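Novice: coords below, sequence missing:
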Ligand SMILES: NC(=O)C1=CN([C@@H]2O[C@H](COP(=O)(O)OP(=O)(O)OC[C@H]3O[C@@H](n4cnc5c(N)ncnc54)[C@H](O)[C@@H]3O)[C@@H](O)[C@H]2O)C=CC1
Ligand SMILES: O=C(O)[C@H]1O[C@H](OP(=O)(O)OP(=O)(O)OC[C@H]2O[C@@H](n3ccc(=O)[nH]c3=O)[C@H](O)[C@@H]2O)[C@H](O)[C@@H](O)[C@@H]1O
């Protein structure tokens, strides 16, 4: 099939490359000419494991192309996927769907043959039906242009794997033949016995936002318990294991630490609350505001521990290990790690940030922090080390190895990847989120 993918960011670039891998002819379209320029020569403008190779391979084979021209894809494709952004609208929690609306209008203007438009972006419930009205108003009335909603559940860091072997495929449709077209698009995956759920627009839209809200709730649940283990003693990691071994609860998404961030969970949790209010159901999603509060308190706790350990932040050097919102990604959107680094900087500390992949993105967002090219450089002059993103490189740190490159003997493990016992045995002042802090030295806590 001939397929266009509108929007070639984290989601769209992955989707376009994976559709080519599934055997389709694909054109990726974006309004950002720089992004298209680099994708067109097989280069990925961001970091995602395995994706650059896949794009380069299919660009070379001619099965995958990139353009900025709707006039090129409108008359060409049988199916058009929409993967543009739906960020938070200003200071409100609601989602900004204007990019999706613009994409629909551009397609309506340029499609010259019967086709199916498929939304993949995450949108508030009710959006697809509204877009259908726009489409009907703006398209050539002699054509049959259908709309379907097919939300995406991939995780950054595993985007290619998740797209080629998803847990499930959700198809929100208003006509059976649109589900059949999409089943044909995904034939290569469907053959692997992936469950396919065919439903209406509203259910499809809600499944996506509910999934992200549930995942965020799971993270905040374990992080709320962290506050108890910090006060009473106990090890949050073992507690999570004890909970997760119950198959009704499950072990995944119970890693306590600095909380959730990224381009999706935080904005989707807010957008779901905003949409519930618009529907007159504000109370139904009210608990999500506690989920957000717990999440932000983890960052405050990390700053509190750093302050407690150093006594005074001014003129102290802090090594911030990690800037990405999670490992194996260069994404710093709503990153808890970067937020903690900025808070410490604003409180007067000299912060040296090192992230294996996200330094450039972080520097574009917060140019005033000091970015360094290696772990050794970050820790060399440090008074305190903070593990803020659980990259493998940081999870493998040992007090002996680190002790040979720094004189610092204070460390905060904000992601619960290091062994307390090992560090304390080597004489380090060690604190972790979710475990009671027993200071090695006298200190006067500052703040809450
Ligand atoms: N990043 C992820 O892992 C996932 C994202 N999603 C959802 O997918 C959507 C996109 O997210 P990301 O890829 O992360 O965003 P992104 O910001 O990386 O990419 C969005 C792209 O859309 C382009 N764009 C904006 N308006 C356009 C238009 N009118 N025509 C063509 N291109 C246009 C932008 O230039 C940008 O390159 C969001 O709704 C997000 O919630 C869903 C699942 C996973
Ligand atoms: O809608 C989206 O964009 C995507 O959002 C998340 O994927 P992603 O944001 O890539 O990353 P996750 O692995 O879900 O992690 C989200 C955040 O939660 C944090 N987290 C995750 C798991 C955990 O146990 N503890 C924890 O703090 C991570 O550090 C990260 O900051 C969902 O997992 C995807 O299914 C969804 O498609």
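Specialist: Everything's here; your move. As the structure is a prediction and not an experimental result, all values here were calculated from the model. Numbering: from 1, shown residues only. Ligands and ions are numbered 1, 2, ... in the order given.
Novice: drop to CA atoms for contacts and neighbour counts, all remaining ones
Specialist: OK.
Novice: quick one, what contacts the one residue in the stretch 201-350 of the chain that gets nearest to ligand 1?
Specialist: Closest residue of the stretch 201-350 of the chain to ligand 1, CA to the nearest ligand atom: residue 264 (5.1 Å). Shown in contact with residue 264 (CA atoms under 8 Å, 6 or more residues apart in numbering): residue 212.
Novice: Residues of the stretch 101-250 of the chain that sit close to ligand 2?
Specialist: 152, 153, 154, 155, 156, 212, 219 (CA under 6 Å from any ligand atom).
Novice: Save these as TSV, and put in secondary structure too.
Specialist: Output for these, formatted as TSV (DSSP: H, G, I helix; E, B strand; the rest coil):
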residue	secondary structure
152	coil
153	coil
154	coil
155	coil
156	coil
212	helix
219	helix
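Novice: just the buried members of the residues you listed?
Specialist: Buried members of those, scored by 16 or more other CA atoms under 10 Å, are 152, 153, 154, 156, 212, 219.
Novice: Can you add pLDDT and distance to residue 140 and give these back as CSV?
Specialist: Output for these, formatted as CSV (pLDDT from 0 to 100; distance: CA to CA, whole Å):
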residue, pLDDT, distance to residue 140
152, 98, 29
153, 98, 33
154, 98, 34
156, 95, 37
212, 98, 37
219, 98, 47
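Novice: which one of those is nearest residue 366?
Specialist: residue 156 (22.0 Å; CA to CA).
Novice: just to revisit the earlier point, which of the buried ones among the residues of the stretch 101-250 of the chain next to ligand 2 lies closest to residue 371?
Specialist: When these are compared against residue 371 (criterion: CA to CA), the nearest one is residue 156, at 23.3 Å.
Novice: thinking the closest one is in contact with residue 329, fair?
Specialist: Yes: taking CA atoms under 8 Å as the definition, residue 156 is a contact partner of residue 329 at 6.5 Å.
Novice: Find the residues that touch each one of the two.
Specialist: residue 48.
Novice: Okay, the spatially most central residue of the chain and ligand 2: tell me how far apart.
Specialist: Nearest residue to the geometric centre of the chain (CA atoms, centre = their mean): residue 262, 3.8 Å. According to CA to the nearest ligand atom, to the nearest Å, residue 262 and ligand 2 sit 5 Å apart.
Novice: now the helices for the stretch 51-200 of the chain?
Specialist: Secondary structure of the stretch 51-200 of the chain (DSSP state H, counting those that start in this stretch): helices at 51-61, 70-73, 98-110, 127-138, 159-164, 176-185, 187-190.
Novice: near ligand 1, which residues of the chain?
Specialist: 6-12, 29-32, 83-86, 99, 102-103, 121-122, 152-156, 263-264.
Novice: residues near residue 279, how many?
Specialist: 10 (other CA atoms under 10 Å).
Novice: Let's see the pLDDT reported for it.
Specialist: At residue 279, the model reports a pLDDT of 97.
Novice: on that earlier part again, dump the helices of the stretch 51-200 of the chain into CSV; add mean neighbour count as well.
Specialist: Converted to CSV, the helices of the stretch 51-200 of the chain look like this (neighbours: other CA atoms under 10 Å):
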stretch, mean neighbour count
helix 51-61, 19
helix 70-73, 20
helix 98-110, 19
helix 127-138, 16
helix 159-164, 20
helix 176-185, 16
helix 187-190, 16
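Novice: For those helices, give me TSV that also has mean pLDDT.
Specialist: Shown next, in TSV, are the helices of the stretch 51-200 of the chain (pLDDT from 0 to 100):
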stretch	mean pLDDT
helix 51-61	97
helix 70-73	98
helix 98-110	98
helix 127-138	97
helix 159-164	97
helix 176-185	98
helix 187-190	93
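Novice: For those, please prepare a markdown table with the additional fields distance to residue 200.
Specialist: Formatted as a markdown table, the helices of the stretch 51-200 of the chain follow (distance: least, CA to CA, whole Å):
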| stretch | distance to residue 200 |
| --- | --- |
| helix 51-61 | 32 |
| helix 70-73 | 27 |
| helix 98-110 | 19 |
| helix 127-138 | 10 |
| helix 159-164 | 22 |
| helix 176-185 | 11 |
| helix 187-190 | 20 |
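Novice: Domains in the chain, by residue range?
Specialist: 2-199, 210-432 (automatic domain parsing).
Novice: pLDDT below threshold where in the protein?
Specialist: Residues of the chain that meet the criterion pLDDT under 70 lie in 440-448.
Novice: Do you have the strands of it handy? List them.
Specialist: Counting by DSSP state E, one finds strands in the chain at the ranges 2-6, 25-29, 64-67, 79-82, 115-119, 145-149, 169-172, 196-199, 317-321, 350-354, 370-371, 384-387, 410-413, 429-432.
Novice: got a markdown table for the ones you listed, with mean neighbour count too?
Specialist: As requested, the strands of the chain are exported to a markdown table (neighbours: other CA under 10 Å):
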| stretch | mean neighbour count |
| --- | --- |
| strand 2-6 | 27 |
| strand 25-29 | 26 |
| strand 64-67 | 25 |
| strand 79-82 | 26 |
| strand 115-119 | 24 |
| strand 145-149 | 24 |
| strand 169-172 | 24 |
| strand 196-199 | 16 |
| strand 317-321 | 28 |
| strand 350-354 | 25 |
| strand 370-371 | 19 |
| strand 384-387 | 25 |
| strand 410-413 | 24 |
| strand 429-432 | 24 |
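Novice: so who does the closest residue in space to residue 217 that isn't next to it in sequence touch?
Specialist: In space, residue 217 comes closest to residue 291 once its chain neighbours are excluded; the distance is 5.8 Å by CA to CA, 6 or more residues apart in numbering. Residues near residue 291 by CA under 8 Å, 6+ apart: 216, 217, 220, 221.
Novice: Just the ones of those in helices?
Specialist: 216, 217, 220, 221 (DSSP state H).
Novice: Most neighbours of all those residues, which one?
Specialist: Taking other CA under 10 Å as the neighbour criterion, residue 220 ranks highest of these with 29 neighbours.
Novice: Quick one: residues contacting that residue.
Specialist: 259, 291, 292, 294, 295.
Novice: taking these one by one, which sit in helices?
Specialist: Using DSSP H, the contacts of residue 220 in helices are 291, 292, 294, 295.
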